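J.: Attaching a predicted model along with its sequence, questions to come.
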Amino acid sequence: MFSFFRRKEKRHNPFEQGWLNGLVDIHCHLLPAVDDGSKSIEETFSLMDFLHSLGVTRHILTPHIMEDYPTNNAVFLRARFKELTASLPADRASSLRLGAEYMLDSTFGRRLVEPLLTLSDRHMLVETSYMAPPMGLMGLLADLQLKGITPVLAHPERYVYMEEKDYVAVKKQGVLFQLNLFSLFGAYSSSTTEKAHGLLEAGYYDLLATDAHHLNPLTNLVSGATLPISMEGDVRTLVENNARLFSF
C-alpha cells in the first residue's frame with residue numbers, strides 16, 4: 001500500500017524555502033502542564049519561537065481530552081489557557097486559540113454533552129488509538145456530523161490498523177485528514193513516513209499541523225530535513241487550506 005516508484009529528483013529543505021510560511025498550526029501541545037506536551041510556560045515560549053522560525057504564525061492549542069487525562073475538560077483547559085495568554089504580550093496572545101484533540105474512546109460519548117473545544121465553530125480534531133479502531137468508529141464520526149461538526153482526523157498516517165480501504169471509507173464519510181508535518185521526515189517510523197508520503201501524493205490530506213510536543217526532537221528533525229521538490233505544491237496547498245478554514 002502506498003508504495004510507489006519515485007524518479008530521482010531535486011530535494012529542498014522546505015523550511016529554508018518557505019513552504020510553511022503563514023501556517024496556522026491547528027494541532028499542537030503548547031498549553032503547559034496539562035498533558036504530554038509542554039511542561040512549562042518557558043517551554044511553551046521556546047516552542048513558539050522555534051515554530052515561528054519555521055513559518056508558523058498562529059497556533060490552535062489542542063491538549064488531549066481522553067481517559068488518560070481525566071481533569072481535562074473545557075472549563076479546566078480554558079482556565080489554563082487564560083493563564084497562558086495573560087503571561088504573553090498582546091500580539092503573541094492574539095496569535096493563540098484554544099481547541100482540543102479528542103480521543104475516540106469510551107468517554108467520548110459523554111463528552112458530546114459537555115462544552116466542546118473545537119478548532120472552529122464546525123470542526124473538531126479527533127484521534128483514535130494507533131493500534132486498533134474504537135468500537136463503532138464510523139458511528140462516532142457520524143454522531144459528530146449530526147451535531148453539525150466536521151471531524152478532522154489527526155495524523156491518519158500513524159494508525160497501524162488503517163489500510164487503503166479504511167482511508168477511503170473514512171474520507172467518503174466527509175472526514176478531513178490532517179497530516180503531521182514531521183511524519184514526512186521520519187519523526188515516528190519508516191512505515192509512517194512511507195504512508196505520509198503516499199497519502200500526500202494521492203491527495204488524501206486536507207490540512208497540515210506540527211503536533212508539536214517538545215522542542216529538542218523538532219530541532220533535530222529540521223536541521224537535515226529535505227523533501228522532493230515535487231511535493232512543494234501539495235504542502236503549500238495544505239498551508240493555504242489551514243489559513244482559509246481557520247483564520248483568526
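T.: That came through, no problem.
J.: Run a quick neighbour tally on the nearest residue to residue 147 once chain neighbours are set aside.
T.: Nearest residue to residue 147, sequence neighbours excluded (Cβ to Cβ, 6 or more residues apart in numbering): residue 112, at 6.9 Å. For the C-beta atoms, the positions are set from N, CA and C on the backbone; glycine is no exception. Residue 112 has 15 neighbouring residues, counting by other Cβ atoms under 10 Å.
J.: Touching, residue 112 and residue 143? I think so.
T.: Yes - using Cβ atoms under 8 Å, residue 112 makes contact with residue 143 at a distance of 6.5 Å.
J.: Report the residue spans of this protein with pLDDT below the cut-off.
T.: 1-8 (pLDDT under 70).
J.: again, only this time at 50
T.: For the chain, the stretches with pLDDT under 50 are 4-5.
J.: Which parts of it are helices?
T.: Ranges of helices within the chain are 41-54, 74-86, 90-93, 108-111, 137-146, 164-172, 190-201, 215-223, 232-245, based on DSSP state H.
J.: Show me what the fourth one is packed against.
T.: Same thing as helix 108-111. helix 137-146 (3 or more Cβ pairs under 8 Å, 6 or more residues apart in numbering; DSSP states H and E).
J.: tell me the most buried of the helices of the chain?
T.: helix 190-201 (a mean of 19; mean count of other Cβ atoms under 10 Å).
J.: Just want the angle from that helix to helix 232-245.
T.: On the basis of axes from the mean of the first three to the mean of the last three Cα atoms, to 10 degrees, helix 190-201 is oriented at 80 degrees to helix 232-245.
J.: Give me the phi and psi for the nearest residue in space to residue 107 that is not next to it in sequence.
T.: What sits nearest to residue 107 in space, not counting adjacent residues and going by Cβ to Cβ, 6+ apart, is residue 67, at 5.5 Å. Main-chain torsions, residue 67, degrees, to the nearest 10: phi -60, psi -40.
J.: burial measure for residue 67, as a count.
T.: 11.
J.: Surely it is in contact with residue 103?
T.: Yes - Residue 67 is within contact range of residue 103, at 7.1 Å (criterion: Cβ under 8 Å).
J.: For the residue nearest to residue 147, give me its contacts.
T.: 143, 144, 147 (Cβ atoms under 8 Å, 6 or more residues apart in numbering).
J.: do residue 93 as well
T.: 85, 86.
J.: If we use 10 Å, what do you get?
T.: Residues counted as contacts of residue 93 (Cβ atoms under 10 Å, 6 or more residues apart in numbering) are 81, 82, 84, 85, 86, 87.
J.: Export these to a markdown table and append columns for distance to residue 37.
T.: Formatted as a markdown table, those follow (distance: Cβ to Cβ, whole Å):
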| residue | distance to residue 37 |
| --- | --- |
| 81 | 13 |
| 82 | 18 |
| 84 | 12 |
| 85 | 17 |
| 86 | 19 |
| 87 | 17 |
